[in-house]
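Student: quick one, structure for this:
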Amino acid sequence: GTDVKYATRLLVKGDFLAEVSITYGEDEAAATRRAKYTLGYPQGKINGAFGTVLEGYLREQQGIKNGTPLPPAFAARRKKRLAAEVNVGAKALAEAERWIGTSEKPAKSNRVDPFTEWYGWHGWGAPWCAVFVSWCLDKAGFEYVVPGEARWAYCPYFLRDARANKFGLKVVSWKDVRPGTVVLFDWDNDGVPDHIGFVSRKI
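Tutor: Here you go, the predicted structure:
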């Protein structure tokens, strides 16, 4: 209804949601989680419930009257999270650039060491782009990479966790994209990402 339309308008203006809605579903809840993470909510209070407290913070951030300033602890976490994203992304991109020109051995085998060996998937026979991104993030100090598990060995898993704001991932708007941002490609436009890499520069 109108309350949901108002809430989603604030989320859209904050670049957490693509479009205004009159129904509150999975996408809207994910956008709320992203907003709370970005605004510095404690990890234990990041959930999909939109309320008047979040409304006040969003209004303040967007320069709307009667907004609520972020508490000092929230502002400090927000600053730290944004800085960490820049630092990890830059390091991951630098690691990725070290391996430009690396090829599969044998050709067309989808086996590329040391990445597939490091991940622990011996006899790997599937595309390795997500494993490579996991490698780079791990080398950059990103704490959520777990070699040997399926967590990020498959592109759709990155998207799933980013939409749910899990394991340090989140979906960002174009204006927040910077060198080192992880990017997914859906080449056949079926809603399932086919490839993953890092943004090297904005064009």
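
Student: what's the closest non-adjacent residue to the most centrally placed residue in the chain?
Tutor: Centroid-nearest residue in the chain: Lys170, 2.9 Å away (criterion: CA atoms, centre = their mean). Leaving aside its sequence neighbours, Lys170 sits nearest to Arg34 (CB to CB, 6 or more residues apart in numbering; 4.9 Å). Quick note: C-beta positions are derived from backbone N, CA and C, even for glycine.

Student: show me what contacts that neighbour?
Tutor: 16, 165, 170-171 (CB atoms under 8 Å, 6 or more residues apart in numbering).

Student: what do you get if the cut-off is 6 Å, keeping everything else the same?
Tutor: Listed by CB atoms under 6 Å, 6 or more residues apart in numbering, the contact set of Arg34 reads 16, 165, 170.

Student: so what pLDDT did it get?
Tutor: Here the pLDDT value assigned to Arg34 is 84.

Student: surely it is within a strand?
Tutor: No: if the criterion is DSSP: H, G, I helix; E, B strand; the rest coil, then Arg34 is helix and not within a strand.

Student: distance of it from Cys136?
Tutor: Distance of Arg34 to Cys136, given as CB to CB, to the nearest Å: 23 Å.

Student: what about Ala84, how many neighbours?
Tutor: 13 (other CB atoms under 10 Å).

Student: phi, psi for it please.
Tutor: Note on Ala84: its backbone torsions stand at phi -60, psi -40 [degrees, to the nearest 10].

Student: do the same with Thr68
Tutor: Dihedral angles (degrees, to the nearest 10) for Thr68: phi -120, psi 120.

Student: can you tell me how far Leu159 is from Val183?
Tutor: Counting by CB to CB, the gap from Leu159 to Val183 is 11 Å.

Student: so between the two, which is more surrounded?
Tutor: Leu159 (19 against 14).

Student: what about the helices in this structure?
Tutor: 2-13, 26-38, 52-61, 72-98, 115-119, 129-139, 155-163 (DSSP state H).
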